[in-house]
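Visitor: Sequence first, predicted model second:
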Amino acid sequence: MGAVLLIVDDSRTSRKALMRSVEMSAYPIRKIYEVSNGQDAWAILQEHWVDLVFTDLNMPIMDGEELLRYIRSSELLEKLPVVMVSSEGGQAHLNQIASLEPTGMFRKPFRPEKVKQLLHQILGSWEE
Amino acid sequence: MKHKSLTKNDFAQVVCRCFGEAAYMMASQVDAVGHQAPQQHSYLSLSFHGYSQGELVLSLTESTVQELAMNTGGFDSPEEIQGDDLEDAFCEFGNVLMGHVLTECFGPDQDLRVGLPFLMDPATVVQKGLESEKWASKPGHWHLFLDIESEPAEVFLWIE
């Protein structure tokens, strides 16, 4: 048992970095899906149960903001925890998507202790 | 001038801190050393726009880019690094660095958007005058020489 995560980022390096941080956090994880754009993420969400989505903001095909918009518009998925991940420090940009009620915002680089804190904060302690 | 006064030392501290925190690499500012021909380095360019505009160029040796990819991508061995992974890691690190530099210059609240990073070819490096010692003497231009794990590196920044 454990949480199911979906990682959405067009950078393979970034996806691997987040997966490594999740692994180092020792938080119970059952499965991690990874995709490179919001469109593929949406397809995953139609087919599989996911407990938490980490999505980059700037991606081709469908960016993180649009993915969040899709999720919040869905009756089935509107409450799904979504963490927006960004390299940029611009709060103004992040403020613009605040109306879509992302569960959290995370600024790169990923650090295991911060990822662990975030997982516990959002998903709570996962009872095995 | 829309950005806060940025000293060369402030800029160097942000850059070195970013290499340490994001790439787990020791970086320090050094005095100008003998300039290396652009063919020996990879040059990454990122531009930004919005509240202000400008560009950052990061020049690293091939071995530094590989180590950066290994550290940031969590690869267990160089053999795991595929196709575009080196460029991907370089670009991704550039994004993180740009974000931190912009926060240092403008604070966290300004609307600034960073463009997609791309690798510059040597001709563009020359065209932009990045090889010129006079580049950093222009207003709003900064030029850093760095030592990153005993490898030379350079960072160029200009802000409108």
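Guide: It's in. Numbering: from 1, shown residues only, chains lettered A, B, ... in the order given.

Visitor: In chain B, what residue spans correspond to helices?
Guide: B:8-23, B:62-73, B:85-106, B:122-127 (DSSP state H).

Visitor: Point out the most buried one among the ones you listed.
Guide: Ranked by mean neighbour count, those are led by helix B:85-106 with a mean of 23 (mean count of other C-beta atoms under 10 Å in any protein chain shown). No exception for glycine: its C-beta is placed from N, CA and C like everyone else's.

Visitor: mean confidence for it?
Guide: Averaged across helix B:85-106, pLDDT comes to 90.

Visitor: That one vs helix B:62-73, what angle?
Guide: 80 degrees (axes from the mean of the first three to the mean of the last three C-alpha atoms, to 10 degrees).

Visitor: before we move on, the earlier item: export the helices of chain B to JSON lines and tack on distance to chain A?
Guide: Shown next, in JSON lines, are those (distance: least, C-beta to the nearest C-beta, whole Å):
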{"stretch": "helix B:8-23", "distance to chain A": "4"}
{"stretch": "helix B:62-73", "distance to chain A": "4"}
{"stretch": "helix B:85-106", "distance to chain A": "4"}
{"stretch": "helix B:122-127", "distance to chain A": "23"}
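
Visitor: ranges for the helices of chain A?
Guide: Secondary structure of chain A by DSSP H: the helices cover A:12-25, A:38-47, A:64-73, A:91-96, A:112-123.

Visitor: So which of these is the most surrounded?
Guide: helix A:12-25 (a mean of 21).

Visitor: That one near chain B at all?
Guide: Yes - applying C-beta under 8 Å from any C-beta of the partner chain, one finds helix A:12-25 touching chain B at A:12-14, A:16-17, A:19-20.

Visitor: picking up where we left off before, confidence-wise, which of the helices of chain A is weakest overall?
Guide: Least confidently modelled of the helices of chain A is helix A:91-96, at a mean of 70 by mean pLDDT.
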